[in-house]
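Asker: just to be clear, the model below is a prediction. Sequence and coordinates:
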Amino acid sequence: MSKLTLVSHHLCPYVQRAAIALLEKGVPFERINIDLADKPDWFLQISPLGKVPLLRIEEEDGSQAVLFESSVICEYLEETQPGVALHPKDALTRARHRGWMEFGSSVLSDLWGYETAQDAAQLEAKRKSLISK
């Protein structure tokens with residue numbers, strides 16, 4: 001069985017999406033939290049975008065791979081891990097499910113803007129963007 005390590009930040013909602021998928025499927029994994037304000041060199045070497053989450057996959061033969069972006073990590077888990085299904089079986093219901101996931105991602109992006117706004121003008125712009133949804 002592959003060893004899975006979720007590289008994360010404790011406040012990142014996208015990390016939580018991947019962590020919830022791992023927990024729902026009952027997949028054993030290690031979680032490493034990093035400081036995004038002081039990213040370690042090892043993280044920058046394996047993260048193509050310098051963002052979390054990352055899923056580090058260590059195969060039994062010693063080879064390693066890294067996946068980035070929470071939706072991609074969740075799809076990988078769905079396709080490779082036993083346990084409960086993350087998506088409905090019916091194609092139409094599954095498509096609707098994914099549509100709501102996309103909407104959720106856009107809302108999360110705006111909420112993250114609240115966390116990272118540098119001034120009142122940025123905060124107001126994020127507020128307007130969020131309520132327009």
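Answerer: All right, it came through fine.
Asker: switch to C-alpha atoms for all contacts and neighbour counts from now on
Answerer: Noted.
Asker: hey, which helix is longest across this protein?
Answerer: Of all segments of type helix in the chain, defined using DSSP state H, the longest is helix 91-116.
Asker: does anything pack onto that one? Which helices or strands?
Answerer: The contact analysis (3 or more Cα pairs under 8 Å, 6 or more residues apart in numbering; DSSP states H and E) places helix 91-116 against helix 120-131.
Asker: ok, Pro82 to Leu123 distance?
Answerer: Pro82 is 42 Å from Leu123, where distance means Cα to Cα, to the nearest Å.
Asker: of these two, which one has the most company?
Answerer: Leu123 (18 against 11; other Cα atoms under 10 Å).
Asker: that one - nearest residue in space that isn't next to it in sequence?
Answerer: Leaving aside its sequence neighbours, Leu123 sits nearest to Ala117 (Cα to Cα, 6 or more residues apart in numbering; 5.4 Å).
Asker: next, count neighbours for the one you found.
Answerer: So Ala117, with other Cα under 10 Å, has 15 neighbours.
Asker: do you know how far it is from Leu86?
Answerer: Distance from Ala117 to Leu86, counting by Cα to Cα: 33 Å.
Asker: swap in Glu24?
Answerer: Distance from Glu24 to Leu86, by Cα to Cα: 8 Å.
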